[in-house]
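*Asks:* Predicted model follows, preceded by the sequence.
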Amino acid sequence: MLKKVKLSQDSVVEIAFIPGKGSFPSSSSLHNGAQRAAGSSSGSARYRPPHRSPESHPEETATVSSSSPDIFPPDINISASAASQSSTPGPKPKITLDPHIRLQFDKLDLALFFLGLEVTEDKRRQLRQSLTTDTQGTVSYGDFVEATREIFQDHLEEAGLAQGPFMFSYHEAASLMDTSAFHSPTYESECSYSSEDMEQFQMELKQLQSQMRQLKGMLKDTEDSKKSLEEELQKTAQKASLTVEENARLRDRLQAAADGPLPPPSSAEQDYEEVIGLLEAEIRDLKNQLTDKRPPPRPLDPAAPQEDVGDVNRRLRAVDWQLRRSESTRRQLETSHNKLLGFAQNVHRVLSAPSPGGGEHGASEPSPVTTSPDPALQLAMEAKRLLERVCVLNTGDTASCSEAESADAMNRSPPPV
């Protein structure tokens with residue numbers, strides 16, 4: 001079989017133990033051979049491995065793996081000289097074990113015996129304490145090699161095993177490894193599954209994969225929505241902070257306006273106040289004159305003259321009408337004054353606000369379709385309304401002046417006979 005194996009340039013041969021339902025043919029013979037070798041060497045003669053020098057027998061090792069389902073695959077290194085074993089006579093080939101395989105704890109003494117190490121009870125106890133077993137009572141071969149190199153360093157140097165891996169023959173490797181693993185009942189039960197069960201398992205696997213893809217899509221959608229909500233929240237927080245700052249500025253301006261001195265009244269307002277004061281003084285004088293001219297109570301005389309009383313009544317009615325007119329005009333002036341102040345504030349706000357779409361020179365072409373009216377157009381319309389109101393007030397003042405003059409002329413005309 002080894003003759004038919006095609007060797008590569010690095011002399012690597014891959015050999016796999018294929019488990020089956022039958023019995024392992026060479027395991028019992030290998031194990032019995034190892035037991036006979038161990039029994040024969042228990043006497044005066046102790047087994048010593050041949051001294052391996054790198055000059056005499058340069059051997060190239062290759063990895064041999066096992067596909068056992070119960071234990072870690074025991075990668076075995078086999079020398080390239082084994083390919084010519086049948087044709088060229090020589091020493092028996094040696095192999096190395098994979099450091100990841102598991103050895104039974106009671107086979108460690110046998111491994112030390114195969115290595116040719118003299119083990120004392122203290123050394124054996126120290127080795128057992130340095131290794132950790134699992135629930136099945138096995139230890140890692142790599143841990144065993146490291147512990148052996150630490151504890152038996154002097155013995156390994158004497159035996160020439162300080163450098164390089166530990167080498168075992170086929171019989172020794174078979175006796176060290178648990179060959180019952182190649183007849184795993186678990187593997188046999190797995191192989192006994194029917195095709196229907198395998199199809200069912202594949203269908204379930206496909207369903208799980210589709211569900212996993214759906215869950216991944218839902219997770220991606222959730223992350224996208226979360227990201228958009230975070231952006232909206234950030235924008236809302238910025239708007240809220242800007243609103244709070246604007247409210248604070250307006251509050252400060254209102255506080256400053258309340259604390260500051262009132263604006264001086266206009267000349268027209270002062271004139272109206274003077275007129276109102278003069279009218280009130282004239283009314284008081286007329287009332288005083290009436291009280292002074294009122295005669296003491298006496299019997300009614302139908303022949304007494306009534307001209308003075310009628311003249312005074314007409315003058316009182318004219319003065320009262322002028323007073324009411326002045327009060328209404330004053331209220332209109334106050335309203336116009338407040339509107340003028342608001343108009344001035346709007347003009348200042350529009351002029352001080354930055355241009356919404358300004359270019360390099362601070363001017364922008366108005367868009368053909370706008371959702372909000374132009375502030376400049378609003379200001380123009382408001383200015384037009386204010387001008388119309390002022391014109392109405394001026395017209396009313398002219399009419400009131402003419403009416404007052406006519407009333408004064410009527411008062412000055414002689415009473416009818």
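*Replies:* Yep, it's here. Predicted model, so just to flag it, every value in this text is computed and none were measured.

*Asks:* Which parts of this protein are helices?
*Replies:* 25-40, 108-115, 121-130, 141-151, 153-159, 170-176, 185-191, 195-259, 267-293, 307-352, 375-412 (DSSP state H).

*Asks:* Can you get me a residue count around Tyr272?
*Replies:* Neighbourhood size, Tyr272 [other C-beta atoms under 10 Å]: 19. Glycine gets a C-beta too; all of them are placed from N, C-alpha and C.

*Asks:* Spatially nearest residue to it, not counting backbone neighbours?
*Replies:* Spatial nearest neighbour of Tyr272, excluding adjacent residues (C-beta to C-beta, 6 or more residues apart in numbering): Arg330 at 5.3 Å.

*Asks:* To what extent is that neighbour buried, counted in neighbours?
*Replies:* 16.

*Asks:* again, but for Asp143
*Replies:* Asp143: 14 neighbours (other C-beta under 10 Å).

*Asks:* so where's the stretch 151-300 of the chain uncertain?
*Replies:* Scanning the stretch 151-300 of the chain for pLDDT under 70 picks out 178-194, 260-266, 293-300.

*Asks:* do the same with the stretch 1-150 of the chain
*Replies:* Using pLDDT under 70, the stretch 1-150 of the chain drops low at 1-92.

*Asks:* who touches Phe152 in this structure?
*Replies:* Phe152 sits next to Leu112, Leu117, Val119, Lys123 when contact means C-beta atoms under 8 Å, 6 or more residues apart in numbering.

*Asks:* tell me the pLDDT at the residue nearest to Tyr272?
*Replies:* On pLDDT, Arg330 comes in at 86.

*Asks:* quick one: it and Phe114, what's the gap?
*Replies:* Per C-beta to C-beta, to the nearest Å, Arg330 is found 126 Å from Phe114.

*Asks:* same deal with Glu223?
*Replies:* Distance from Glu223 to Phe114, by C-beta to C-beta: 60 Å.

*Asks:* Give me the more crowded residue out of these two.
*Replies:* Phe114 (23 against 10).

*Asks:* And the nearest residue to that one once chain neighbours are set aside, how far from Leu131?
*Replies:* Distances taken as C-beta to C-beta, 6+ apart place Glu172 nearest to Phe114, at 4.5 Å, with adjacent residues excluded. Look at Glu172 and Leu131: by C-beta to C-beta, they are 20 Å apart.

*Asks:* Neighbour count: the two, which is higher?
*Replies:* Neighbours per residue (other C-beta under 10 Å) separate Glu172 from Leu131, with Glu172 holding more: 25 against 16.

*Asks:* Quick check, that one in contact with Leu112.
*Replies:* No. Taking contacts as C-beta atoms under 8 Å, Glu172 lies outside contact range of Leu112: 11.6 Å.

*Asks:* sorry, back to before: deepest in the core, which of the helices of the chain is it.
*Replies:* helix 170-176 (a mean of 21; mean count of other C-beta atoms under 10 Å).

*Asks:* Domain ranges for the chain, per the record?
*Replies:* 25-188, 269-293+309-350+374-412 (automatic domain parsing).

*Asks:* in the stretch 301-417 of the chain, which ranges drop under the pLDDT threshold?
*Replies:* 301-307, 354-373, 393-417.

*Asks:* again, only this time at 80
*Replies:* Applying pLDDT under 80 to the stretch 301-417 of the chain flags residues 301-309, 337, 346, 348, 350-380, 382-384, 386-417.
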